[in-house]
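1. Model the structure of this input:
(one chain, ligands or ions: 1)
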Amino acid sequence: MDDQETELPPHVLIFPYPAQSHVAAMLNLAQILCHGGIHVTFLVTHDIHRRLLRHSTAVQSHLASYSGFRFETISDGLPEDDPRSGDKVMELFRSFRVTAKPLLRDLLRSDRVRDSDSGRKRISCIIVDGVLGFALGVAEEIGIPVIFFRTTGACNNWAHFCGPKLIEAREVPFEGNNMDVPIKSVPGMDGFLRRRDLPSFYRVIDVANHDLQLFFSETQQTTQARAIILNTFEELEGPILAQARTQWPQIYTVGPLHAHLKVRLTSNVTSNSLWEEDMTCMTWLDVQPAKSVIYISFGSITMMTKDQLMEFWHGLLNSGKRFLWVIRPDSVFGKDWENHIPTKILERTKERGCIVGWAPQEEVLAHKSVGGFLTHSGWNSTLESIVAGVPMICWPYFGDQQLNSRFVGEVWKLGLDMKDTCDRVTIENMIRDVMDVKRQEFQESLDRMAKLARKAITEGGTSYCNLDCLIRDIRLMV
Ligand code: UDX
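-> Predicted coordinates for the structure are as follows:
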């Protein structure tokens, strides 16, 4: 390293998996690191880059103003015009892992990430998505330390880590007919965990199943890295983190990152959206009474059948509540569903509902008119609801969501878990419970947890201090 280089700030490569929630959380971290004086190269696919430039105000405003931030782009292996969402999600997952490994190696070996003229050091640390375990081997070849960022909660990581133990104890695999059997081999979760609450990848008959084994091995691999970053906070997942700390050398809990970012930058909301946010729903919310609206959104990946769509629709209308519903154009199986909704339903919807293709979710949850959240229990949605103090009805779709919803309903008491059910009567009843009957009960736990979340990200709080430690440790990795 020459004299000139030693004067320069450390340079980190951040490499998220190409999906909304992964990119958004890691962009939040990138902004905080840039703000802390670290240079960041943010590696994304061409598709994600294009969409961020078009829709993310964080990229257009904040990040554009940091001289220490820049993008590098690679292919995800799919033809440019192919859809990357809806039912193509697993195709992207498989294709990307194969394509990205040699591209990452080339990038790290090339001079593209180090340009002395623009005053950047050689990369001294890689912060890579925890589902891209191959990066560990590549970085080791080149001699760069890796920190994994798992965008799901500690509970999901721990449940995957314990996978081999579950198989050994013959708790997995299981047939689908008795999903309420308790699971005992996940330390810290015995007493409330049932088969149906395990991450959905466990719902297989054959434990040699490729996706299940992949999730086990990716999780095991993260223990080999220098450290792991989790978008959670100690006060939310303390008992599970205590278990996880017996296996991971270092865990930085820095969440909830979306709120932490605002504290660090002392600024208002900036979006990391990959879709165009329909702001008309905010004007609609402005004229609704306080806490009168149930917000329904199932994140960026969930899909439903036309039958499920209609059950939700009837349940919502029959509840008599006002509603704001995000229906992504690619979220219903099959084509042309829009043209088959009965006119009567559309008329009733107009009286008290608003439907958009993508909403500014953080702003929606913070709006005074919103009194409940019917969610798929994605980790980011869960954290956003906690910070906003909005009670949840959970309808988990896949992955970690089955487990998140159990924690929301049974452990944290922040809402109701509706997993494995989708009928209009249950939906109607749960909406009434969350919005009226049990509101007070949930509100007390929510207020407490929202307060703890705020404390964690305030100067002196657990997540705040951990993020300072992360920045300090990155500075030491030269
Ligand atoms: C996926 C998995 O499904 C989830 O379980 C896992 O924890 C992370 O990866 P996703 O389904 O997109 O993520 O859910 P989630 O983690 O909740 O993230 C969705 C993000 O999109 C949230 O940050 C939310 O604010 C944002 N969003 C969603 C919008 O901004 N507008 C919308 O209309 C809907």
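2. Residue 419: neighbour count?
-> Residue 419 is flanked by 20 other residues according to other C-beta atoms under 10 Å. Placement of C-beta: from N, CA and C, glycine included.
3. Once you drop chain neighbours, what's closest to it?
-> Nearest residue to residue 419, sequence neighbours excluded (C-beta to C-beta, 6 or more residues apart in numbering): residue 396, at 5.0 Å.
4. Please list all residues in contact with that neighbour.
-> 200, 376, 377, 402, 404, 405, 417, 419 (C-beta atoms under 8 Å, 6 or more residues apart in numbering).
5. For the ligand, give me its nearest residue in the stretch 201-350 of the chain.
-> Using C-beta to the nearest ligand atom, the single residue of the stretch 201-350 of the chain nearest to the ligand is residue 299, 2.9 Å away.
6. Let me fix that, I meant to ask about the chain.
-> At 2.2 Å from the ligand, residue 378 is the closest residue in the chain, using C-beta to the nearest ligand atom.
7. So for that residue, what's the nearest residue that isn't a sequence neighbour?
-> Excluding the flanking residues, the one nearest residue 378 by C-beta to C-beta, 6+ apart is residue 299, at 4.2 Å.
8. same question, residue 30
-> Distance criterion C-beta to C-beta, 6+ apart; nearest residue to residue 30, sequence neighbours excluded, is residue 40 at 4.8 Å.
9. Tell me who's in contact with that neighbour.
-> By C-beta under 8 Å, 6+ apart, the contact set of residue 40 is 11, 12, 13, 14, 30, 33, 34, 66, 68, 69, 70.
10. In helices, which of the residues you listed fall?
-> Counting by DSSP state H, the part of these found in helices is 30, 33, 34.
11. in this protein, which helix has the most residues?
-> Longest helix of the chain, by residue count under DSSP H: helix 89-109.
12. quick one: whichever helix or strand comes after it near the ligand?
-> Next along the chain after helix 89-109, taking DSSP states H and E as the criterion, comes strand 125-129. No - if you take C-beta under 6 Å from any ligand atom as the test, strand 125-129 misses the ligand, and the best it gets is 10.4 Å.
13. buried set for the following helix or strand past strand 125-129?
-> Going down the chain from strand 125-129, the next helix or strand is helix 134-142, by DSSP H and E. Of the residues in helix 134-142, 134, 135, 136, 138, 139 count as buried by neighbour count, 16 or more other C-beta atoms under 10 Å.
14. Could you do stretch 53-66 as well?
-> 55, 56, 58, 59, 62, 63, 66.
15. likewise stretch 451-468?
-> 452, 453, 456, 457, 461, 462, 463, 464, 466, 467.
16. mind checking the end-to-end distance for it?
-> End-to-end distance of stretch 451-468 (C-alpha to C-alpha, to the nearest Å): 21 Å.
17. now that stretch: how far from the chain's centre is it?
-> Stretch 451-468 sits 19 Å away from the centroid of its parent chain (C-alpha atoms, centre = their mean, to the nearest Å).
18. what's the spacing between residue 52 and residue 209?
-> 33 Å (C-beta to C-beta, to the nearest Å).
19. who has more neighbours, those two?
-> residue 52 (22 against 15).
20. these two touch, right, that one and residue 23?
-> Yes - with contact defined as C-beta atoms under 8 Å, residue 52 reaches residue 23; the gap is 7.2 Å.
21. before we move on, back to that, give me the number of residues near the residue of the chain closest to the ligand?
-> Using other C-beta under 10 Å, residue 378 is surrounded by 26 other residues.
22. same deal with the one 3 residues further on?
-> Other residues near residue 381 come to 23 when the count uses other C-beta under 10 Å.
23. Need phi/psi at it.
-> Residue 381 adopts backbone torsions of phi -60, psi -40, taken as degrees, to the nearest 10.
24. Verify the contact between it and residue 299 for me.
-> Yes - when contacts are counted by C-beta under 8 Å, residue 381 is listed as touching residue 299 (5.9 Å).
25. Spit out the residues that contact the two alike.
-> residue 375.
26. that older thread, can you add distance to residue 96, pLDDT and neighbour count and give the ones in helices among the contacts of residue 40 back as a markdown table?
-> Shown next, in a markdown table, are those (distance: C-beta to C-beta, whole Å; pLDDT from 0 to 100; neighbours: other C-beta atoms under 10 Å):
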| residue | distance to residue 96 | pLDDT | neighbour count |
| --- | --- | --- | --- |
| 30 | 20 | 95 | 28 |
| 33 | 24 | 96 | 25 |
| 34 | 25 | 93 | 22 |
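27. export these to CSV and tack on distance to the ligand?
-> Formatted as CSV, the ones in helices among the contacts of residue 40 follow (distance: C-beta to the nearest ligand atom, whole Å):
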residue, distance to the ligand
30, 15
33, 19
34, 20
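28. Show me which pair in the contacts of residue 396 is furthest apart.
-> Greatest spatial distance among the contacts of residue 396 (C-beta to C-beta): 200 and 417, at 14.1 Å.
29. which one of those two has more residues nearby?
-> The residue with more neighbours, out of residue 200 and residue 417, is residue 417; 23 against 17, by other C-beta under 10 Å.
30. Identify the residues contacting the more buried one.
-> Residues in contact with residue 417, defined by C-beta under 8 Å, 6+ apart, are 394, 396, 405, 406, 408, 409, 410.
31. So which of these sit within helices?
-> The members of the contacts of residue 417 that map onto helices under DSSP H are 405, 406.
32. And the furthest pair within the contacts of residue 417?
-> Spanning the widest gap among the contacts of residue 417 are 396 and 410, at 13.1 Å by C-beta to C-beta.
33. and residue 384, what is it in contact with?
-> Counted by C-beta under 8 Å, 6+ apart, residue 384 has contacts 256, 258, 361, 362, 365.
34. Equivalent analysis for residue 47, please.
-> By C-beta under 8 Å, 6+ apart, the residues touching residue 47 are 18, 76, 78, 80, 84.
35. Perfect, I'm done here.
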